[in-house]
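Q: need a 3D model of the following:
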Amino acid sequence: MADRAKADLSRTTIHNFPHAFINKRARPILVSPLTEDRHAELLKMHLAYRPRNSFSGLPPLTDRACTDWAQGMIDTGVNLVALSFTRGVVGHAALFSIDRSVCEYMVVVRPRFQKIGIGTELTRCVIQLAGELDFEKIVLHVETRNVVARHVYEKCGFRQDSDPAAGEIDMSFDLALRRSATEAVVRDVMNTRVASVHPETPCKIPLMVFLADNVAAVPVTDPQGKVTGILSMSDLLVEANIHKMVRDVQTRGVVTLHETEPLSKAICLFQSWKLRCIPVVDARGNLVGVVDRRDVLAHYMDRCAGSVRRAET
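A: Next up is the predicted model:
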């Protein structure tokens with residue numbers, strides 16, 4: 001599996017767009033595939049882990065056994081690392097094939113970097129990666145007493161498959177179910193009744209839109225309808241900004257989605273970039289709608305209602 005997965009890694013989202021986020025200490029972290037120049041640094045992270053033998057007997061107690069274990073993951077797994085810009089490798093996630101449809105997941109975060117969101121982001125990236133590598137299911141094992149790790153896995157969509165009264169719990173993530181839920185394209189989910197503003201508009205106008213329409217942000221478009229920025233409710237929390245023009249306050253580096261892109265990409269952006277809404281454009285770059293978190297939830301609700309109707313018939 002390792003050769004097949006690594007050969008295909010070049011076409012995955014995480015390979016082409018390493019995932020950057022801000023952790024709960026307000027520090028930047030980058031998640032990317034493990035490269036050869038980071039091998040020694042990754043081995044050093046595992047050797048420095050304290051206390052050893054602290055989760056499911058890992059990392060191994062002796063330096064030799066720990067080195068062999070970590071090297072084995074490098075050689076046989078598909079590996080992602082979380083990189084601190086000041087501390088280097090601070091987290092490691094790996095996938096190992098059980099068969100062509102099922103893979104096993106393992107994640108380690110340096111103790112002093114735990115409980116600040118790194119494990120959650122690594123797990124979300126691994127779910128996306130495993131789906132793109134055409135696996136159907138991810139499985140993992142976690143100690144019953146490891147409440148923090150169990151919470152992370154459950155929050156990311158894993159379910160318990162064994163009795164929590166046992167010393168170790170089996171958990172799994174159904175990628176086939178996720179794929180069916182997110183196979184829609186953005187065009188099928190987006191809201192086409194979207195308010196937009198021009199750069200020369202006074203900020204008092206979008207302020208009224210925010211209050212009247214209960215929206216969190218509005219796209220900024222030029223006279224041709226191309227998206228040039230976005231204005232959010234947060235931008236107007238500074239009272240002085242209300243008396244300015246949109247061009248003076250808008251965020252210019254706006255993230256957009258093409259209308260034919262999969263819904264899974266929108267979900268990934270909502271989770272990793274903490275966005276509330278994303279402008280949607282057509283092939284010419286013109287605004288055709290917006291998609292926000294409520295649109296995704298409404299899509300799920302429609303699916304649930306459809307499932308109930310099919311069950312009743």
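
Q: direction included, what does the longest strand along the chain pair up with?
A: Ranked by residue count, the top strand of the chain under DSSP state E comes out as strand 88-97. Each strand paired with strand 88-97, and its direction, by DSSP bridges: strand 78-84 (antiparallel), strand 102-109 (antiparallel).

Q: okay if I get those strands as CSV plus mean neighbour count?
A: For the C-beta atoms, the positions are set from N, CA and C on the backbone; glycine is no exception. Below are these laid out as CSV (neighbours: other Cβ atoms under 10 Å):
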stretch, mean neighbour count
strand 78-84, 23
strand 102-109, 21
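
Q: show me where the protein has strands.
A: Assigned strands in the chain, in chain order: 19-22, 28-33, 78-84, 88-97, 102-109, 137-143, 159-160, 168-174, 217-221, 227-232, 257-258, 277-281, 287-292 (criterion: DSSP E).

Q: out of these, nearest to residue 48?
A: strand 88-97 (10.3 Å; Cβ to Cβ).

Q: and the angle from the longest strand of the chain to strand 28-33?
A: 30 degrees (axes from the mean of the first three to the mean of the last three Cα atoms, to 10 degrees).

Q: before we move on, back to that, now the strands of the chain in JSON lines, with mean pLDDT and distance to residue 117?
A: Shown next, in JSON lines, are the strands of the chain (pLDDT from 0 to 100; distance: least, Cβ to Cβ, whole Å):
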{"stretch": "strand 19-22", "mean pLDDT": "88", "distance to residue 117": "7"}
{"stretch": "strand 28-33", "mean pLDDT": "95", "distance to residue 117": "8"}
{"stretch": "strand 78-84", "mean pLDDT": "97", "distance to residue 117": "10"}
{"stretch": "strand 88-97", "mean pLDDT": "96", "distance to residue 117": "10"}
{"stretch": "strand 102-109", "mean pLDDT": "96", "distance to residue 117": "10"}
{"stretch": "strand 137-143", "mean pLDDT": "96", "distance to residue 117": "18"}
{"stretch": "strand 159-160", "mean pLDDT": "96", "distance to residue 117": "22"}
{"stretch": "strand 168-174", "mean pLDDT": "95", "distance to residue 117": "19"}
{"stretch": "strand 217-221", "mean pLDDT": "95", "distance to residue 117": "23"}
{"stretch": "strand 227-232", "mean pLDDT": "95", "distance to residue 117": "22"}
{"stretch": "strand 257-258", "mean pLDDT": "94", "distance to residue 117": "24"}
{"stretch": "strand 277-281", "mean pLDDT": "95", "distance to residue 117": "21"}
{"stretch": "strand 287-292", "mean pLDDT": "96", "distance to residue 117": "22"}
